[in-house]
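Engineer: just a sequence and a predicted model for now, questions to come.
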Amino acid sequence: MKPQISNDLALEAAIMRAACDSDSEAATRLGIARSTFQNRMKRAAERGLVAPGRETMPGYRIESLTETPNGTFIKQRKEHGEEYTPTLPVKGKTTLVDAEGRIITQHIMERASAEAQADALRAMVDAFKEEIPRVNIMRAPRGSIAEIANQFTVTDNHFGMLSWREETGADYDLRIAEHLLLDWFSAAVSQAPHGDTAILAQLGDLMHHDALESVTPAHKHVLDADSRLQKVIRVVIKTIRRIIDMLLQSHQRVHVVMASGNHDPASSAWLREMLAAMYELEPRITVDNSPSLYYAFQWGQTGLYYHHMHKRDVKDIDRVFAGIFREMFGRCRYNYGHGGHRHSDQVIETPLMIVERHQTLAAPDAHSAGGGWLSGRSAKRITYSKDFGEVGRSTLRPEMVLGASKMQAANDNGPRTVAA
């Protein structure tokens, strides 16, 4: 960048201009280009060095008059528009500078933060949850095994995501997501042993997008969306209620974990609060409505820990679980961590616990298919003993639980006409 113009040069230009009839004459007498002279005059105006009798510089206003040994000088300032007051958090600025590094213009970008959206939704839930109909107490089933808990582990279902099989290898839309998850739970519950407790471990990204815009909350990546947000919310609430009813009819107790994901931080918050309010009169249901991104459940000597794994990965999350839930961790002989996020299976056994990342039932979207991230699709029912940790599991894939007709998207996937 060019060096800043000194006060001496700016003052010299102002004095010469007062003695001349034009900018061109003053520039000639100083032996500099007219553009250089005008630039020095602008700096003189900004610094209050312009003498009286000189008209205000275009785009400037007179701010003050100052008496000096060299005469009276006018201090001029650039004219401004109305005062700017941000109404939303400032997310970025674009600044245009001149050769000297001085600001010419600046564009300020505002955007509602994910935290602000979450706060608004939490306030909405607090205001309306008193109006949510409470579920009546249900009769418990008979013949359950008191020592057994069944964990139904699902993650990254992405309700509201659209996938086109010609592009991604499989169809997926809101209707398929609903049928697939309900049919999976129906099959998983029927195959599970008659345990005392069911753990609904929904590990995040239940919804594909978190606002009216079909973008990721943090980085605003554009998403392939199937439907309107309100319709997605309606289907999600209906689906989760039907799943909880299934589990309540087959187990003595149900514990619900609705983990927060990177796609749905606000939606997971209102869903947790809504479920906690809806089932507050049902003593057989507990809902973990902690605002933390980390969750835990103790089953005898078995410790179970949950996180979407968008903040911590399989390789180092064991220490976070043990640190946050240190008292529970110390009481448990067997400890297991669970997460999702990458849509792929991975299991690591550390000195602290066994940590497992899970596949998803959802089809890949265009971003995943284009990037070559083509993991398998499944969800697992894992059975835990109070005294011996994991004692069984079952893995069910979409093709095992959902009929072929239900796996065809409703839109633009009819028979194709091939030109001769």
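Structural biologist: Alright, I've got the coordinates. Being a predicted model, the structure only gives us computed values, none of them experimental.
Engineer: neighbours of Phe329, how many?
Structural biologist: 19 (other Cβ atoms under 10 Å). To be clear about C-beta, it is placed using only N, CA and C from the backbone, and glycine gets the same treatment.
Engineer: now do the one 3 residues further on
Structural biologist: Around Cys332 there are 21 other residues, counting by other Cβ under 10 Å.
Engineer: now do the same contact list for it.
Structural biologist: Applying Cβ atoms under 8 Å, 6 or more residues apart in numbering to Cys332 gives the contacts 298, 301-303.
Engineer: so where do the helices sit in this protein?
Structural biologist: 7-19, 23-30, 34-46, 114-128, 165-168, 174-191, 229-250, 265-278, 317-324, 326-331, 366-371, 398-401 (DSSP state H).
Engineer: chain center to the fifth one: distance?
Structural biologist: Centroid separation between helix 165-168 and its chain, computed with Cα atoms, centre = their mean, to the nearest Å, is 26 Å.
Engineer: how about it: buried residues?
Structural biologist: Within helix 165-168, the residues scored as buried using 16 or more other Cβ atoms under 10 Å are Thr168.
Engineer: extract the CA atoms of that helix and return them as CSV.
Structural biologist: Presented in CSV, the C-alpha positions along helix 165-168 are these (Å, rounded to 0.1, in the frame of the first residue of the first chain):
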residue,chain,number,x,y,z
ARG,A,165,-32.2,-42.8,-6.8
GLU,A,166,-30.9,-42.0,-10.2
GLU,A,167,-28.4,-39.6,-8.5
THR,A,168,-27.8,-41.3,-5.2
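Engineer: now do that helix, average pLDDT.
Structural biologist: In this model, helix 165-168 has an average pLDDT of 90.
Engineer: and if you look at the last one?
Structural biologist: The pLDDT scores in helix 398-401 average 93.
Engineer: which one, of the helices of the chain, ends up nearest to Arg142?
Structural biologist: helix 229-250 (11.0 Å; Cβ to Cβ).
Engineer: what average pLDDT does that closest one get?
Structural biologist: Helix 229-250 shows a mean pLDDT of 92.
Engineer: ok, residues contacting it?
Structural biologist: Contacts of helix 229-250 (Cβ under 8 Å, 6+ apart): 138, 141, 152, 159-160, 174, 177-178, 181-182, 185-186, 189, 192, 194, 198, 200, 202, 206-209, 211-212, 226, 254, 256, 258, 267, 271, 274-275, 278-279, 282, 284-285.
Engineer: emit the PyMOL select command for whichever of these are buried.
Structural biologist: The buried residues among those can be selected in PyMOL (16+ other Cβ under 10 Å) with this line:
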select buried, resi 152+159+160+174+177+178+181+182+185+189+192+198+200+202+206+207+208+209+211+226+254+256+258+267+271+274+275+278+279+282+284+285
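Engineer: quick revisit: drop anything exposed from the contacts of Cys332.
Structural biologist: 298, 301-303.
Engineer: now, which of the residues you listed sits nearest Lys220?
Structural biologist: Gly303 (37.2 Å).
Engineer: so how far is Gln301 from the closest residue in space to that closest one that isn't next to it in sequence?
Structural biologist: Closest residue in space to Gly303, ignoring its immediate chain neighbours: Cys332 at 3.4 Å, by Cβ to Cβ, 6 or more residues apart in numbering. Between Cys332 and Gln301 the computed distance is 5 Å (Cβ to Cβ, to the nearest Å).
Engineer: returning to that earlier point: just say which of the helices of the chain is most tucked in.
Structural biologist: When these are scored by mean count of other Cβ atoms under 10 Å, the highest mean neighbour count falls to helix 265-278 (a mean of 22).
Engineer: list the buried ones in stretch 307-320?
Structural biologist: 307-310, 312-314, 317-318, 320.
Engineer: tell me which residues are up against it.
Structural biologist: 155, 203-205, 259-262, 293-295, 321, 337-342, 346, 348, 350, 352-353, 355-357.
Engineer: tell me which residues touch Tyr306, please.
Structural biologist: So Tyr306 contacts 201, 203, 257, 259, 294-297, 337-339 (Cβ under 8 Å, 6+ apart).
Engineer: might you report the residue contacts of the residue lying closest to it once chain neighbours are set aside?
Structural biologist: Closest residue to Tyr306 apart from its sequence neighbours, by Cβ to Cβ, 6+ apart: Tyr295 at 4.3 Å. By Cβ under 8 Å, 6+ apart, Tyr295 lies in contact with 257, 259, 288, 305-307.
Engineer: now, among those, which is nearest to Ala44?
Structural biologist: His307 (61.9 Å).
Engineer: just the buried residues of stretch 307-320: which are in strands?
Structural biologist: Using DSSP state E, the subset of these located in strands is empty.
Engineer: if we can go back for a sec, so which of the contacts of Cys332 is the closest to Arg397?
Structural biologist: Thr302 (26.4 Å).
Engineer: so where's the stretch 201-350 of the chain uncertain?
Structural biologist: In the predicted model, the stretch 201-350 of the chain carries pLDDT under 70 at residues 211-212, 214-216, 218, 221-222.
Engineer: rewinding a little: and the furthest pair within the contacts of Tyr306?
Structural biologist: Maximum distance among those (Cβ to Cβ): 14.4 Å, for Phe297 and Gly339.
Engineer: higher neighbour count, those two?
Structural biologist: Gly339 (27 against 21).
Engineer: what about the more buried one, distance to Gln301?
Structural biologist: On the measure of Cβ to Cβ, Gly339 and Gln301 end up 22 Å apart.
Engineer: before we move on, what about Lys231?
Structural biologist: 44 Å.
Engineer: next: Leu206.
Structural biologist: Look at Leu206 and Gln301: by Cβ to Cβ, they are 30 Å apart.
Engineer: per the record, what domains does the chain have?
Structural biologist: Using automatic domain parsing, the domain parsing of the chain gives 7-78, 114-407.
Engineer: quick check: mean pLDDT across the first one?
Structural biologist: For domain 7-78, mean pLDDT is 74.
Engineer: Thr383: which of the contacts of Cys332 is nearest?
Structural biologist: Using Cβ to Cβ, those come closest to Thr383 at Thr302, 10.6 Å.
Engineer: check contacts around that closest one.
Structural biologist: Thr302 touches 149, 332-336, 384-386, 389-390, counting by Cβ under 8 Å, 6+ apart.
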